[in-house]
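Asks: pasting the sequence and the predicted coordinates here, then a few questions.
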Amino acid sequence: MNDDPVLLREPREGVPQVTDTVEGFEDYCDRLSAVSGPLAADAERASGYRYGHDDWLIQFKRDGAGIGLLDPMALNAIGVDWGMFNRAVGDATWILHDAKQDLPGFAQLSLTPHALFDTEIAARILGLHRFGLAYVTEHYLGMTLAKEHSAADWSYRPLPRDWRNYAALDVELLIPLAHKMTLDLKRAGKWEWACQEFEYVLRTELHPRRPHAVPWLRISHINTIQRDRRALAIAKELWTERDELARRYDIAPSLLLADSSIIEAAQAKPHNARQFRAIRSLNERVRMHLGTDQDKMFERYAPIQRKVKPSVWKQAIQRALELPEGELPVMPAPEGGATQVNAPKSMKLWQKHHPDRFRRLQACRALINQVSQDTHTPPDVLIKPQIVRNLCWTDDPAARDVAGFLEEQGARPWQIHLLAASLTRGIM
């Protein structure tokens, strides 16, 4: 018997066209409303190419209605009523893989799923060793999906046929996959766990993406200059200039100036033209060389890149160098104040400065690992590691109401029921 997975090359009903007209949208809504059952859903973005995280294609499938590839940008431009879509699918369960990635975009379009099944979450709860959609589909259905266009520029129009095929395949098998995973979850006694996780993700992630409180602090490796306020000023000024230009030209900020270049400039603090020219990355446009078809996609943005001259970075650095000492930025204190626990991740710090806390942490980890083995569930699925660290980050463990603390930290009821008693013993 041949157990090799079957490569699914195309959807059973063929590769659909992109829906970008009112007539096409309303027709698909009519088809959805005429049938029942769960709704497979997915979305594609142009991350790494365009500014922001907007959806450029959303894919759906409902048995009997076929696959729909909807262009949300085009449909928004002509003013379609997304409420019509919501009414068409009613209270159907939406099946997604890694829903956290797609729910914010759906919320931005005013799409309102009432129930969720996340195949990635289900895979984690069931203890699968890998969680990607291709692997999970292969594991349960004996079929594998090609992923060659996962990093494509989905803002490109018209979408090539093989891109549409890839997008359609992402929802082709979600419905039978969720069915099989549901049976496994129930057999394992984990169905209620999964339902609580699905409800939690739907409740906490179905909203438009919230901006970071201090967005420039998301520069990669910003911690390397956190004690150098002048360097922080340069990084902040370069990030701000880059973000403004990226927003204006609708291009990914990293295609104008890499984070590594910002850190390099902040550390070097070039005071004159010679020092500025010595930082090559500030004087050359960003080029992406991945050795794939993506290289051609990135080159489409070369005309925009050429509009941004090195002088804008030089001027930004000069503004930061001239900033008075009293106006230099500082790394903000952790949010939440004294009542919010934010335990460090460094185990060296725990061992060296807080050995009693470290001992309790090790005891709790051992107890969680035992439950993990007993339930065939990964430890980080049973409870977030940061919650455990926070729990043990105290010199007065007797004062901890463990169940209440876990609830405050966002643990779900099934996790509290499973672990609270053991962790209470562990921190004593």
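Replies: That came through fine.

Asks: and the most centrally placed residue in the chain, how far is that from Gly14?
Replies: With distances taken as Cα atoms, centre = their mean, the residue of the chain nearest its centroid is Gln101 (4.5 Å). Distance of Gln101 to Gly14, computed by Cβ to Cβ, to the nearest Å: 27 Å. From N, CA and C alone the C-beta is placed, and that goes for glycine too.

Asks: and if you look at Leu418?
Replies: 46 Å.

Asks: the two: which is more packed in?
Replies: Neighbours per residue (other Cβ atoms under 10 Å) separate Leu418 from Gly14, with Leu418 holding more: 20 against 11.

Asks: the more buried one: which element?
Replies: Following DSSP states H and E, one finds Leu418 within helix 413-426.

Asks: buried ones in that helix?
Replies: Across helix 413-426, burial judged by 16 or more other Cβ atoms under 10 Å covers 414-416, 418-420, 422-424, 426.

Asks: what residues of stretch 246-262 count as buried?
Replies: 246, 249, 251-257, 259, 261-262.

Asks: tell me the pLDDT of Pro334.
Replies: The model reports Pro334 with a pLDDT of 57.

Asks: my error: substitute Asp395 in the last question.
Replies: 86.

Asks: okay, now it: neighbour count?
Replies: Neighbours around Asp395, by other Cβ under 10 Å: 8.

Asks: contacts only, for it.
Replies: 356-357 (Cβ atoms under 8 Å, 6 or more residues apart in numbering).

Asks: assign the residue nearest to the centre of the chain to helix, strand or coil.
Replies: helix (DSSP: H, G, I helix; E, B strand; the rest coil).

Asks: quick check: phi and psi at the spatially closest residue to it that is not a sequence neighbour.
Replies: The shortest distance from Gln101 to any non-neighbouring residue, by Cβ to Cβ, 6 or more residues apart in numbering, is to Ala43 (7.6 Å). The phi and psi values for Ala43, taken as degrees, to the nearest 10, are phi -150, psi 150.

Asks: who does Ala43 form a beta bridge with?
Replies: Beta bridges link Ala43 to Ile58, judged by DSSP bridges.

Asks: my read is that it contacts Leu57, right?
Replies: Yes - the criterion here is Cβ atoms under 8 Å, and Ala43 meets it with Leu57 at 6.9 Å.

Asks: and Pro324, how many neighbours?
Replies: The burial count for Pro324: 6, using other Cβ under 10 Å.

Asks: quick one, phi psi at it?
Replies: Residue torsions, per degrees, to the nearest 10, at Pro324 are phi -60, psi 150.

Asks: repeat that for Gly66.
Replies: Dihedral angles for Gly66 - degrees, to the nearest 10 - are phi 80, psi -170.

Asks: ok, His179 next?
Replies: According to degrees, to the nearest 10, His179 has phi -60, psi -50.

Asks: what's around it, how many residues?
Replies: His179: 13 surrounding residues under other Cβ under 10 Å.

Asks: before we move on, the earlier item: tell me what the helix holding Leu418 is packed against?
Replies: Applying 3 or more Cβ pairs under 8 Å, 6 or more residues apart in numbering; DSSP states H and E, one finds that helix 413-426 contacts helix 191-205, helix 355-375, helix 379-382, helix 402-408.

Asks: quick one: low-confidence ranges for the protein?
Replies: Judged by pLDDT under 70, the chain has its weakly predicted residues at 1-2, 333-340.

Asks: quick check: domain ranges of it?
Replies: 6-205, 215-327, 338-426 (automatic domain parsing).

Asks: pick the most deeply packed of the ones you listed.
Replies: domain 6-205 (a mean of 18; mean count of other Cβ atoms under 10 Å).

Asks: how far does that one stretch from one end to the other?
Replies: Separation of the first and last residues of domain 6-205 by Cα to Cα, to the nearest Å is 34 Å.

Asks: next: stretch 47-62.
Replies: End-to-end for stretch 47-62, by Cα to Cα: 27 Å.

Asks: do stretch 182-199 as well
Replies: End-to-end distance of stretch 182-199: 15 Å, with Cα to Cα as the criterion.

Asks: quick one: that stretch to chain centroid distance?
Replies: 23 Å (Cα atoms, centre = their mean, to the nearest Å).

Asks: biggest separation within the buried residues of helix 413-426, which pair?
Replies: Spatially, the most separated pair among the buried residues of helix 413-426 is Trp414 and Gly426, at 18.8 Å (Cβ to Cβ).

Asks: tell me where the stretch 151-300 of the chain has helices.
Replies: With DSSP state H, counting those that start in this stretch, the ranges of helices along the stretch 151-300 of the chain come out as 161-172, 174-187, 191-205, 229-249, 259-268, 273-277, 294-299.

Asks: which one of those lies nearest to Gly404?
Replies: Nearest of the helices of the stretch 151-300 of the chain to Gly404, taken as Cβ to Cβ: helix 191-205 at 17.8 Å.

Asks: what are the contacting residues of the closest one?
Replies: 99-100, 103-104, 113, 115-118, 121-122, 125, 182, 185, 410, 412-414.

Asks: thanks a lot, catch you later.
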